[in-house]
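# I'll drop the sequence and a predicted model, then ask my questions.
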Amino acid sequence: SVKVELIQDRIGQLIRNDLLDKLSPKGQPKHPKYYLKVTNIKKQEIDQALRNDITATRKKVIYTVSYVLKNKEHSNLIGGNSVAYLGYDILRDPYSTTFAQKKIEKNAAKIIANDISLRLGAYFHSLQTKRGNPDEY
């Protein structure tokens, strides 16, 4: 019963696809009870393992996103930030480095989607425990 709103950027598309797989494996709900919005996607790159000529041989990449779950009335129910820490080697072959960059982007999307879906699961579980009706969700 959770509709995942569209997300900007390529990493946003990857996050959304992973969230859809986790939250709505049978497809988007026709009459959702909840709406999930992911925003403020930030990417920070930090040089690591410097050579003598001060060029980096490794990059640390930090992806940060914000998310909020709203009900039908668009009241905020739960929200927060999710962070993924990854790294890749900068190789002499530019193709290999580009491939590594794309791979960590996919991995970051999976980490973030998993984190958000686990937090939503905990939220819904807490509601279920309070109300005592496991079939409501």
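Yes, it's here. Numbering: from 1, shown residues only.

# Flag the shaky bits of the protein, pLDDT-wise.
Low-confidence segments of the chain, defined by pLDDT under 70: 131-137.

# ok now do the residue most central in space within it, which residues does it touch?
The C-alpha lying nearest the average C-alpha coordinate of the chain belongs to I112 (CA atoms, centre = their mean; 2.9 Å). Contacts for I112 (CB atoms under 8 Å, 6 or more residues apart in numbering) come out as I15, D18, Y63, V65, S82, V83, A84. Yep, even glycine has a C-beta here, placed from its N, CA and C like the rest.

# how about it, phi and psi?
Taking degrees, to the nearest 10, you get phi -70, psi -50 for the backbone angles of I112.

# farthest-separated two in the contacts of I112?
Longest distance between any two of these is 15.6 Å, between D18 and V83; criterion CB to CB.

# Where do the strands of the protein begin and end?
According to DSSP state E, the chain carries its strands in the segments 2-4, 34-50, 56-71, 76-89.

# looking at these, which is closest to Y123?
Comparing these by CB to CB, strand 76-89 comes nearest, at 4.8 Å.

# Name the strands paired with the closest one and say parallel or antiparallel.
Strand pairing for strand 76-89, determined by DSSP bridges: strand 56-71 (antiparallel).

# which of the residues in the partner strand are buried?
Burial within strand 56-71, assessed by neighbour count using 16 or more other CB atoms under 10 Å, is assigned to K59, V61, Y63, V65, Y67, L69, K70.

# With distance to K42 added, can I get those in JSON lines?
Shown next, in JSON lines, are the buried residues of strand 56-71 (distance: CB to CB, whole Å):
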{"residue": "K59", "distance to K42": "16"}
{"residue": "V61", "distance to K42": "11"}
{"residue": "Y63", "distance to K42": "7"}
{"residue": "V65", "distance to K42": "8"}
{"residue": "Y67", "distance to K42": "13"}
{"residue": "L69", "distance to K42": "20"}
{"residue": "K70", "distance to K42": "22"}
